[in-house]
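Engineer: predicted structure and sequence below. I'll ask about it afterward.
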Amino acid sequence: MAETDIESLIRSLVIPLLKQPQALSITQKDDRRYHRYIIDVAPNDVGRLIGRQGHVAAALRTIVEGTQSRRANSKRVRLLINDHRH
């Protein structure tokens, strides 16, 4: 499966934050309203990706979700982080 532009953007933003970049996987799941991109990283890197008080995760979401099309019939983009810590 070819990597989408959004997956490529996520990968370029996330890899510099990780100590184990080889463990990064991005899964796309679509439903009627959303394109969901789920980031899965090594358990030791989850905290780095979320950041203190969620600031890094919020910044990533702002960038990725800001790339979505503003057309009325287009699906919205959502970025989720799979948290293995809990």
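Structural biologist: It's in.

Engineer: packing partners of the lowest-mean-pLDDT helix or strand in the chain?
Structural biologist: Between all helices and strands in the chain, the lowest mean by mean pLDDT, DSSP states H and E belongs to strand 76-81, at a mean of 91. Here strand 76-81 touches strand 34-40, helix 46-50, helix 55-65, going by 3 or more CB pairs under 8 Å, 6 or more residues apart in numbering; DSSP states H and E. Glycine gets a C-beta too; all of them are placed from N, C-alpha and C.

Engineer: now those in a markdown table, with distance to Val14, mean pLDDT and mean neighbour count?
Structural biologist: Shown next, in a markdown table, are the helices and strands packed on strand 76-81 (distance: least, CB to CB, whole Å; pLDDT from 0 to 100; neighbours: other CB atoms under 10 Å):
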| stretch | distance to Val14 | mean pLDDT | mean neighbour count |
| --- | --- | --- | --- |
| strand 34-40 | 6 | 93 | 17 |
| helix 46-50 | 7 | 93 | 17 |
| helix 55-65 | 7 | 93 | 15 |
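
Engineer: a markdown table for these, including distance to Leu24?
Structural biologist: Listed next are the helices and strands packed on strand 76-81 as a markdown table, based on distance: least, CB to CB, whole Å:
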| stretch | distance to Leu24 |
| --- | --- |
| strand 34-40 | 7 |
| helix 46-50 | 9 |
| helix 55-65 | 13 |
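
Engineer: out of these, flag the one nearest Leu9.
Structural biologist: helix 55-65 (6.5 Å; CB to CB).

Engineer: list the contacts of the closest one.
Structural biologist: For helix 55-65, contacts defined as CB atoms under 8 Å, 6 or more residues apart in numbering pick out 6, 9-10, 13-14, 17, 37, 48-51, 76-79, 81.

Engineer: and with 7 Å instead?
Structural biologist: Around helix 55-65, the neighbours that count as contacts under CB atoms under 7 Å, 6 or more residues apart in numbering are 6, 9-10, 13, 17, 37, 49-51, 77-79, 81.
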